[in-house]
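[1] I would like to see how this sequence folds:
(one chain, ligands or ions: 1)
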Amino acid sequence: MLYQRSSALFAEAEKVIPGGVNSPVRAFKGVGGTPIFVRRAKGAYLYDEDGNRLVDYINSWGPMILGHAFDPVVDAVTQRAKSGTSFGMPTELETQIAKLAISMVPNIDKIRFVNSGTEACMSAIRLARGYTKRDKIIKFAGCYHGHSDSFLIQAGSGASTFGVPNSPGVTQGTAKDTLLARYNDIENVSALVAANPNEIAAIIIEPVAGNMGCIPPVPGFLESLRELCTANGILLIFDEVMTGFRLAKGGAQELYDVEADIVAFGKVIGGGLPVGAFAARNEIMNYLAPVGPVYQAGTLSGNPLAMAAGLAMLEALNADAEIFQRLEEKTAYLENGIREVLDKNGVVYTINRKGSMISVHFAPDVVTDFTSAAKGDNDTFKKFFHGLLAEGVYIAPSAYETWFITDALTYDDLDFTIAAIDKVSKNL
Ligand SMILES: *Cc1c(COP(=O)(O)O)cnc(C)c1O
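    Have a look, this model is predicted:
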């Protein structure tokens, strides 16, 4: 495949946009080479600026769960645009999508729409801090909750020490209120809670982690977190930006039958437009302005185009009783196919999967947290990535990302992908 036009466009972009991209992982830093520029996409396929067709396993990092340019979403947005694209005044649409989301997700009474997953998580912890009148939060190493200051903290040494910012610009003052725990290690979390009595406002977690590859919770982990939070007056925040409306209608709360106190959404809920949301029971949500004292606002929040797209997406998912089962079956088929060819070709790997989130770690042992995920062989991943790209299969350009399976993929597409992996893995 040729990428001449993509390379030329990237060179132009670099002159006027830092690194040529508006979000860092797009820049191929993790795999080398220059990013592919997209011209258009439909269903399971991307078409790049050089005319190549790629089977897409990122799907805009999640939102395109029903495929690119999904007709009901495209129709809703184009129709809506003709009536004006933003008012800064309430619209009926906002109530419609709120009612539908609340009917699909367990344990929430009210929802507030924002413009991104970052905003949703940032607002969720402000609300938790205001509600509990406590300052500290616990997050897990390797979990991503957007780029707001409190979350850009990772374990430097030992998860039980105060956080160290991993981006310049995050102040020590902010970092000291973020405590780090090991994913899937309840003893570690309990110890942190015990060491900071009555200080922790919230524990925030990706209930199935997807930002260190896919790492599902070990059995009992989420349940134990729930008990720990309840016993200590801590709010449990599920960051379902990735898992919401993907693993089940009601997300991970439904799938694992564990109730969170605040839930953050993004990605699928916007149908491919910039949308985030956070939701909780009445007593917590009523703490939010203009009813309560915790301030949160947005000029474009609840934007009519974004709400129209999100509503069309949620309606499609809600109306399709088999969608999550179908995604499960397709992804299981892909998993089995990949296992077969990697085994046959003698590749050392670990596959993690939950529903339509799957990742191949080039690591010999089980991957249950950030430390074990980091043991993956990045050189192998790079070869794997570029090999697949040359075969017309596009996975995320980083070993720390899950693949997002879309219902637009046919079994022929999955066979095509497995054959590509067979070919590529012979030379790993
Ligand atoms: C993508 C993601 C975010 C951030 O959402 P943005 O819309 O990129 O700001 C937050 N949390 C999780 C779990 C995510 O996967």
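[2] got the contact list for the closest residue to residue 410 other than its chain neighbours?
    The shortest distance from residue 410 to any non-neighbouring residue, by Cβ to Cβ, 6 or more residues apart in numbering, is to residue 44 (7.3 Å). Any C-beta I mention is one placed from the backbone N, CA and C, and that applies to glycine too. Neighbour list for residue 44: 55, 56, 67, 68, 406, 408, 409, 410, 413 [criterion: Cβ atoms under 8 Å, 6 or more residues apart in numbering].
[3] ok, 10 Å please
    53-57, 59, 64, 67-68, 405-410, 412-414, 417 (Cβ atoms under 10 Å, 6 or more residues apart in numbering).
[4] List buried residues within those.
    Neighbour-count burial (16 or more other Cβ atoms under 10 Å) applied to these gives 54-57, 59, 64, 67-68, 405-409, 413-414, 417.
[5] Sort out for me which of these are in strands.
    Counting by DSSP state E, the part of the buried ones among the contacts of residue 44 found in strands is 54, 55, 56.
[6] from what I can see the last one touches residue 69, true?
    No: in terms of Cβ atoms under 10 Å, residue 56 does not count as a neighbour of residue 69; the distance is 11.7 Å.
[7] low pLDDT regions in this protein?
    Applying pLDDT under 70 to the chain flags the ranges 154-164.
[8] In it, what residue lies closest to the ligand?
    residue 117 (2.2 Å; Cβ to the nearest ligand atom).
[9] Give the burial count for residue 13, as a bare number.
    18 (other Cβ atoms under 10 Å).
[10] Against residue 34, how distant is it?
    Separation of residue 13 from residue 34 (Cβ to Cβ, to the nearest Å): 10 Å.
[11] Please apply the same query to residue 16.
    Residue 16 is 16 Å from residue 34, by Cβ to Cβ.
[12] what about these two, which has more around it?
    residue 34 (17 against 7).
[13] the helices in the chain, which residues?
    Listed in chain order, the helices of the chain (DSSP state H) span residues 4-16, 71-81, 92-104, 117-132, 172-175, 186-195, 221-232, 251-256, 282-285, 304-319, 323-344, 370-373, 378-390, 411-425.
[14] coming back round to it: tell me which of the ones in strands among the buried ones among the contacts of residue 44 is nearest to residue 39?
    Checking these against residue 39 by Cβ to Cβ gives residue 54 as the nearest, at 11.2 Å.
[15] correct me, but the closest one touches residue 416?
    No: Residue 54 is beyond contact range of residue 416, at 11.2 Å (criterion: Cβ under 10 Å).
[16] The residue nearest the centre of the chain and residue 129: what is the separation?
    Central residue of the chain (Cα atoms, centre = their mean): residue 242, 3.0 Å from the mean position. Between residue 242 and residue 129 the computed distance is 23 Å (Cβ to Cβ).
[17] Ok, residue 46 next?
    41 Å.
[18] ditto for residue 209
    Distance of residue 209 to residue 129, computed by Cβ to Cβ: 23 Å.
[19] more neighbours, these two?
    Ranked by neighbour count (other Cβ under 10 Å), residue 209 and residue 129 place residue 209 first, with 31 against 19.
[20] Leaving out sequence neighbours, find the closest residue to the more buried one.
    Leaving aside its chain neighbours, residue 209 sits nearest to residue 215 (4.1 Å; criterion: Cβ to Cβ, 6+ apart).
[21] got a list of what that neighbour touches?
    For residue 215, the contact set (Cβ under 10 Å, 6+ apart) comprises 140, 142-143, 183-184, 206, 208-209, 352, 354, 357, 359, 361, 366-370, 372-373, 402.
[22] Up against the ligand, what does the protein have?
    By Cβ under 6 Å from any ligand atom, the residues of the chain that approach the ligand are 116-118, 121, 144-146, 206, 210-211, 239, 241-242, 266, 276.
[23] Touching, residue 313 and residue 244? I think so.
    No: taking Cβ under 10 Å as the definition, residue 313 is not a contact partner of residue 244, at 11.6 Å.
[24] For those two, indicate the residue with more neighbours.
    Taking other Cβ under 10 Å, residue 313 and residue 244 do not tie; residue 244 has more neighbours (31 against 27).
[25] Just confirm the more buried one contacts residue 266, I think it does.
    Yes: between residue 244 and residue 266 a contact is recorded at 7.7 Å, counting by Cβ under 10 Å.
[26] intersection of neighbour lists for those two?
    Joint contacts of residue 244 and residue 266 (Cβ under 10 Å, 6+ apart) are 62, 117, 120, 277.
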